[in-house]
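*Asks:* what follows is a predicted protein model with its sequence.
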Amino acid sequence: MLKEEFVLSKTIRPRVDDLDLPVGKKTRLYRIFEEFSPGKGRVMILPIDQGLEHGPVDFFENPHAANPEYELSLAVEGGFSAIAFHIGLAEKYLKPFAGKIPVILKLNGKTNIPSDAQAFSPLTGTVEDAVRLGADAVGYTLYVGSPAQDRDIRQFMEVRKEAERYGMPVVMWAYPRGEAINAKGGRDSLYAIEYAARVACELGAGVGKRNFSKLENEKQKDCPAPYNTLKVSLEEAIQRIVTAAGRTFVIMSGGEKVEDDLLLERVKTALEAGATGVIFGRNLWQRPYTQGLAIAQKISKLMAEV
Amino acid sequence: MLKEEFVLSKTIRPRVDDLDLPVGKKTRLYRIFEEFSPGKGRVMILPIDQGLEHGPVDFFENPHAANPEYELSLAVEGGFSAIAFHIGLAEKYLKPFAGKIPVILKLNGKTNIPSDAQAFSPLTGTVEDAVRLGADAVGYTLYVGSPAQDRDIRQFMEVRKEAERYGMPVVMWAYPRGEAINAKGGRDSLYAIEYAARVACELGAGVGKRNFSKLENEKQKDCPAPYNTLKVSLEEAIQRIVTAAGRTFVIMSGGEKVEDDLLLERVKTALEAGATGVIFGRNLWQRPYTQGLAIAQKISKLMAEV
Amino acid sequence: MLKEEFVLSKTIRPRVDDLDLPVGKKTRLYRIFEEFSPGKGRVMILPIDQGLEHGPVDFFENPHAANPEYELSLAVEGGFSAIAFHIGLAEKYLKPFAGKIPVILKLNGKTNIPSDAQAFSPLTGTVEDAVRLGADAVGYTLYVGSPAQDRDIRQFMEVRKEAERYGMPVVMWAYPRGEAINAKGGRDSLYAIEYAARVACELGAGVGKRNFSKLENEKQKDCPAPYNTLKVSLEEAIQRIVTAAGRTFVIMSGGEKVEDDLLLERVKTALEAGATGVIFGRNLWQRPYTQGLAIAQKISKLMAEV
Amino acid sequence: MLKEEFVLSKTIRPRVDDLDLPVGKKTRLYRIFEEFSPGKGRVMILPIDQGLEHGPVDFFENPHAANPEYELSLAVEGGFSAIAFHIGLAEKYLKPFAGKIPVILKLNGKTNIPSDAQAFSPLTGTVEDAVRLGADAVGYTLYVGSPAQDRDIRQFMEVRKEAERYGMPVVMWAYPRGEAINAKGGRDSLYAIEYAARVACELGAGVGKRNFSKLENEKQKDCPAPYNTLKVSLEEAIQRIVTAAGRTFVIMSGGEKVEDDLLLERVKTALEAGATGVIFGRNLWQRPYTQGLAIAQKISKLMAEV
Amino acid sequence: MLKEEFVLSKTIRPRVDDLDLPVGKKTRLYRIFEEFSPGKGRVMILPIDQGLEHGPVDFFENPHAANPEYELSLAVEGGFSAIAFHIGLAEKYLKPFAGKIPVILKLNGKTNIPSDAQAFSPLTGTVEDAVRLGADAVGYTLYVGSPAQDRDIRQFMEVRKEAERYGMPVVMWAYPRGEAINAKGGRDSLYAIEYAARVACELGAGVGKRNFSKLENEKQKDCPAPYNTLKVSLEEAIQRIVTAAGRTFVIMSGGEKVEDDLLLERVKTALEAGATGVIFGRNLWQRPYTQGLAIAQKISKLMAEV
């Protein structure tokens, strides 16, 4: 469809059927993005890797959450599209829930004890593990802009190649991180997050994931021009991120727990701006079980309606 | 078994039959945890890798202990569940004792001569070595939080994959170590040990091992909140560690030699708090032979009764 | 054809038929350099990897360009010889354009967030990916003179070997880069660019690519003699680069956007000096679509005529 | 053979028949330790790797020694149990002497030009080379306590695995080395040498090799307790080393050339203390040929008689 | 041939028939050292890798030399024994000259832009490339004494193993280099060059190559004793180097261009001292073609007569 004057199509959230995927990848993504979708091809993902990434400190607010059965129950009952965790939890806790909730097996991770200046997450599992465990996708964390990004991009390439062989979708957690990005406006700047979205797209991730942008940031002045003076609303920011990600799904993450109304408002903004879904961990499982279910239902409803 | 309001089950020590293990792993773990158990699925493990980790300095108190036959004899006569050592001792000393005591082949180690700031233990053996020698498990030391943890997690992943292939259980010695944890309350803080327990669980270790927590620590104030001000008893601390480990067995280690009553009291506390067993080296083989046997019998009796 | 007094043949731009290539490489290069040539075996290549190398900051001038369909449309309609990009864009955007434009799959890249002092681009794809996607060449960026050049030369060697196996041509982006070249006159010096051209030739790249030399450089005095005092015109400089490259095609790149007349003048100079073509990114797709097409046609016409 | 009160057997020098070796290893070790023994299972080994480790500087005292035929002749005529050298000398000089003297092929080495602070010896050959050349053992130098010991232990593990496959014995030159041991009493302390002996035993070396301890050392005070104040005779020191080595043969090395009587006295002490033999290089081949033969005969006689 | 009093044979230059070589290596070396010898098994080798190692700066004196056809013509017409270059030049320029001049394919190299403090040359090609291109030997540059020598020795070992498999001779360019040798008298000291010669011999290089020693050196006092005070003539120095190299051929290199008489005198001295040949690059191809041919003929004549 070539044309003399190129007309940029309005940013449109892609759906699985719109993508030209190998059959294995399509089959698996279809489960997550359509069969287990709250509606309209949107997704709601529950991650439980904070025990590795942050330590048990995240479980003080709700000690029940230290038991992975808590998150698995919540994911199944709350109508989530997938649960995301590492090999250890998958092997020890998944079987009673197997088939009732799609799994994204996280393939790399680290503790937050050493400094993040040269952030890099080594492999904790493989695509073969994901195949053996019946997972529908694998997850990979790339620290965009880290001085260790050379090892990271190479390691991702090898994961992508193995995933290609098995028809396994790859979700990239593309996080700006490390001392270099800290000096250029920080990991939460629109500059950093947009850049990370584009990196995920160019490197061949099938599904991307981004933080909500914290725009009102005193470090903005350190960003490269024109980001250092850019004034955008949260919705515009997310639109920019969705545009940068191109045909890579954008799943917004929530970070620390916030109150209900703010959370729902953020979800609505993200959906309207073109995000395909959300990945909320602490905002879900740091709540008492019934409250967690309740907020999950509200998000689910929003996704089906907006 | 989903329920509207999630009820956190009381911390319960798992037994081998409770875990969903591949048949090879179950067969091997069953020998250690049931056939050679003092009772109730508990274990008593004798390690003799201090000659590599600390050097012959540990043998001054009881020079007989420098001969690995000493530990092998003690393990067999004392009714231990397993002996843990490196390939060299296994190849040179095991045959007369083979079949009489299960073996955990330690797969990585180091000397303590260089600084521990970037602690990392390279491989000294492989899962194939363990299979060839008839071992019932392999042991791996992961230095949680070390600046070298990226290499460590990756190396463990490769061990785990090979162990998966052969149905070989993996015991992880998950030790907080290195300059980063020293700056956050130190390697003996509850923060560090709980975190390490969770890491073992998420990374897929089948059996974890932890130090006794030294809670009365002047460095506690450097731990991340809320650990910096947390007041817990030793029993509560061990409960927290057992909870963090989830379905990973917790085997408490003893460290330096202490007097009998204190040792037995610690064992009792650990068992009551949900630990599955103990791994005592210097506390056993730094004693004269008959005294070592005597304390082993007392521990064994405690395990069968508590 | 030996002779008593060696007569240096005048620098002559080689054509595909002049080179002694394996049949697979010749078939593929023929598509780019003859079938899709504007004429006379010259080429016009459109790169779209700036989203990875520089980030979305390059798309502010023309936001349409953030959508890879923009560059693909421009390449097809504008009569380009090839488009060059990474695996992610190839997998997600190429199919509607497949067969209508030859592809050079870029195999390594990085973000510009960390410092370039030790510049090195890790692999993002493989020659097998290129074969699978029907690409006619692969692209590799070597940072000549970087302190990391040992890893880079080795990595290139492995790419070259794999390319040899599949009859896949290799285009080398041979860029002087890093703290060492900065201290010897900088990456834009004739010294650096000539050296890089020779490196591409000796290391076995099939097609080389060079920046336009910025000769009027205050850092020239830091170059090794005799470059520190050398006075040459732009045409002479390009002739020297073409000579240094030997039987490696020289494709000049444009860098930042400049105005039309200057751009066309530069192309003419490059062609007259023996360059085989140009690779223009921002100078093309930072323009509105019809203007991009217009300048592409002017360059194309120049190539067929000069 | 379990007993209620463990009786530590007096340190006894093991012989090949006492060890439980795979048949290939036993066959090969038997040649060195019995067939070519001066008697009583003792050995006398001639090393000629100083040209690599120290450079030709070691040949000034006796320029004839620069020709490896000198050492090969001396080894055959002097009744040595084996000669130890690198692949280059084996390939270029061995054939006329092949079968007349067992060979220990050294598999790693380095020059002494760079600092030893992070000492590490890379591979110069492989176990397959040893098999191809008919060697009866391979030699590996491990720098115990070096900050590079992680790479070293791993590299040794891979050598040991390959040796296992071919039934090839491994002799470990376990040398304390590097800045860390320098700060703890130095490489010649009993602490360091005993520790190294134990490391060789635990890592699975079949035959160990140790320096003579230089006990009267002003750095002793820097050793960890109780070594810092330990008072032992040379014989007691060697007994401790033999005990630490366990079932690993202890072959004492001589270091720099000393006068005859002192050398013979040292050998006698070592043999009485349980060492299995000596490995003397400069003390042999820095002498004129007939003198070298003469001292070799004296050592040989001592070995058969003491 | 053992004897009671070892008689050091006078240093004798070995010929191919004197060495015990595998048949493939002998066949290939025979072409270079006998079939293409100027006489008496001596060799004259033309290297053209300076474009990679030094950059096009070396071509200012004779711009024709930038075209590799220049060196190939000179090598064929001048009666050289072999030409030495990298994969890129071999693939692009060799075919018209193939069979007319033996090729030594250089397998590693680097630019001289970064500092040489930690000198190391990564692989640019493989033994398989050499086999595919009909080369008669491969060349490897080892930076003896560089702090990176651990990687270098290991890399060489892998090249040697592959060469063994294919019966391919290995020529080692054993160059003292890096900050450690600079502190011990420098790379041109007799100490350094003799040491490098021995390293080549012990590591298994089939043919070695050395610089002419620059003896009158103010840094000599920094050499280890007795080199720091050694007084030797150039001929004695070369004899020492030839002795240190043992059965490794010594090919002397020339370095920067010098005038004819000095060059011929140096060649004569080297031949008389036992060197097997010369490898002259800039001294040949920095001259006008007929002058280059003329000096080549003079060297050739000298080789046949001395």
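*Replies:* Done, it's in.
*Asks:* now do the same contact list for A:L94.
*Replies:* Applying CB atoms under 8 Å, 6 or more residues apart in numbering or on different chains to A:L94 gives the contacts A:L72, A:V103, A:L133. To be clear about C-beta, it is placed using only N, CA and C from the backbone, and glycine gets the same treatment.
*Asks:* of all those, which comes closest to chain B?
*Replies:* Using CB to the nearest CB, A:L72 is the member of the contacts of A:L94 that lies nearest chain B, at 8.9 Å.
*Asks:* what number of residues lie near the closest one?
*Replies:* Using other CB atoms under 10 Å in any protein chain shown, A:L72 is surrounded by 25 other residues.
*Asks:* what about the helices in chain A?
*Replies:* Secondary structure of chain A by DSSP state H: the helices cover A:23-30, A:50-53, A:68-77, A:87-93, A:127-132, A:149-166, A:179-182, A:190-203, A:234-245, A:260-272, A:282-285, A:289-305.
*Asks:* can you put those helices in a markdown table and add distance to chain B and mean pLDDT?
*Replies:* Converted to a markdown table, these look like this (distance: least, CB to the nearest CB, whole Å; pLDDT from 0 to 100):
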| stretch | distance to chain B | mean pLDDT |
| --- | --- | --- |
| helix A:23-30 | 22 | 95 |
| helix A:50-53 | 4 | 96 |
| helix A:68-77 | 5 | 97 |
| helix A:87-93 | 4 | 96 |
| helix A:127-132 | 8 | 97 |
| helix A:149-166 | 8 | 97 |
| helix A:179-182 | 14 | 95 |
| helix A:190-203 | 20 | 95 |
| helix A:234-245 | 27 | 92 |
| helix A:260-272 | 19 | 93 |
| helix A:282-285 | 10 | 94 |
| helix A:289-305 | 4 | 96 |
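*Asks:* go through these and pick out the most buried.
*Replies:* helix A:190-203 (a mean of 28; mean count of other CB atoms under 10 Å in any protein chain shown).
*Asks:* how about the residues of the stretch 151-300 of chain A near chain E?
*Replies:* By CB under 8 Å from any CB of the partner chain, no part of the stretch 151-300 of chain A sits against chain E.
*Asks:* excluding chain neighbours, what is closest to the residue in the stretch 51-200 of chain A positioned nearest to chain E?
*Replies:* As assessed by CB to the nearest CB, chain E sits closest to A:D150 within the stretch 51-200 of chain A, at 15.5 Å. Nearest non-adjacent residue to A:D150, counting by CB to CB, 6 or more residues apart in numbering or on different chains: C:P122, 4.4 Å away.
*Asks:* is it correct that the one you found is in contact with A:A148?
*Replies:* No - using CB atoms under 8 Å, C:P122 is not in contact with A:A148, being 10.3 Å away.
*Asks:* picking that back up, number of residues surrounding the residue nearest to A:D150?
*Replies:* With other CB under 10 Å as criterion, C:P122 counts 20.
*Asks:* same question for A:P226.
*Replies:* Around A:P226 there are 10 residues (other CB under 10 Å).
*Asks:* ok, now which ones touch the residue of chain A found nearest chain C?
*Replies:* Here the residue of chain A nearest chain C is A:G145; by CB to the nearest CB that distance is 3.2 Å. Neighbouring residues of A:G145 by CB under 8 Å, 6+ apart: A:P176, A:R177, A:G178, A:A180, A:I181, A:K184, A:A192, A:Y195, A:A196, C:T111, C:I113, C:P114.
*Asks:* does stretch A:176-192 come close to chain C?
*Replies:* Yes - legend: contact between stretch A:176-192 and chain C by CB under 8 Å from any CB is shown at A:P176, A:G178, A:A180, A:I181, A:K184, A:Y191.
*Asks:* got JSON lines for those residues, with distance to E:A304 too?
*Replies:* Below are the residues of stretch A:176-192 next to chain C laid out as JSON lines (distance: CB to CB, whole Å):
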{"residue": "A:P176", "distance to E:A304": "69"}
{"residue": "A:G178", "distance to E:A304": "65"}
{"residue": "A:A180", "distance to E:A304": "63"}
{"residue": "A:I181", "distance to E:A304": "68"}
{"residue": "A:K184", "distance to E:A304": "68"}
{"residue": "A:Y191", "distance to E:A304": "72"}
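*Asks:* out of the residues you listed, who's nearest B:N228?
*Replies:* A:G178 (26.8 Å; CB to CB).
*Asks:* skipping adjacent residues, who's closest to that closest one in space?
*Replies:* Leaving aside its chain neighbours, A:G178 sits nearest to A:S146 (3.5 Å; criterion: CB to CB, 6+ apart).
*Asks:* ok, now A:I45?
*Replies:* Leaving aside its sequence neighbours, A:I45 sits nearest to A:I279 (CB to CB, 6+ apart; 4.1 Å).
*Asks:* for the one you found, give its distance to A:V171.
*Replies:* 9 Å (CB to CB, to the nearest Å).
*Asks:* more neighbours: those two, which one.
*Replies:* Neighbour totals were compared for A:I279 and A:V171, and A:V171 leads with 29 against 25 (other CB under 10 Å).
*Asks:* overlap in contacts of A:I279 and A:V171?
*Replies:* Common neighbours of A:I279 and A:V171, counting by CB under 8 Å, 6+ apart, are A:A84, A:K209, A:I251.
*Asks:* just the buried ones from those residues?
*Replies:* Buried subset of the shared contacts of A:I279 and A:V171 (neighbour count, 16 or more other CB atoms under 10 Å in any protein chain shown): A:A84, A:K209, A:I251.
*Asks:* okay, and the beta partners of the first one?
*Replies:* When bridges are assigned using DSSP bridges, the partners listed for A:A84 are A:P47, A:I104.
*Asks:* quick one: it and A:E53 touch, right?
*Replies:* No - applying CB under 8 Å as the test, A:A84 and A:E53 come out as separate, 11.6 Å apart.
*Asks:* low-confidence stretches in the stretch 1-150 of chain A?
*Replies:* The model of the stretch 1-150 of chain A has pLDDT under 70 over residues A:1-11.
*Asks:* which residue is it, in it, that comes closest to chain D?
*Replies:* For the stretch 1-150 of chain A, CB to the nearest CB, closest residue to chain D: A:P122, 15.4 Å.
*Asks:* and the stretch 151-300 of chain A, by the same measure?
*Replies:* Across the stretch 151-300 of chain A, the shortest distance to chain D (CB to the nearest CB) belongs to A:R151, at 17.3 Å.
*Asks:* how about that residue, what does it touch?
*Replies:* Applying CB under 8 Å, 6+ apart to A:R151 gives the contacts A:F120, C:P122.
*Asks:* how close does A:L52 sit to A:A84?
*Replies:* 12 Å.
*Asks:* hmm, I typed the wrong one, I wanted A:E202.
*Replies:* Separation of A:E202 from A:A84 (CB to CB): 23 Å.
*Asks:* ok, now A:P122?
*Replies:* Distance, A:P122 to A:A84, using CB to CB: 18 Å.
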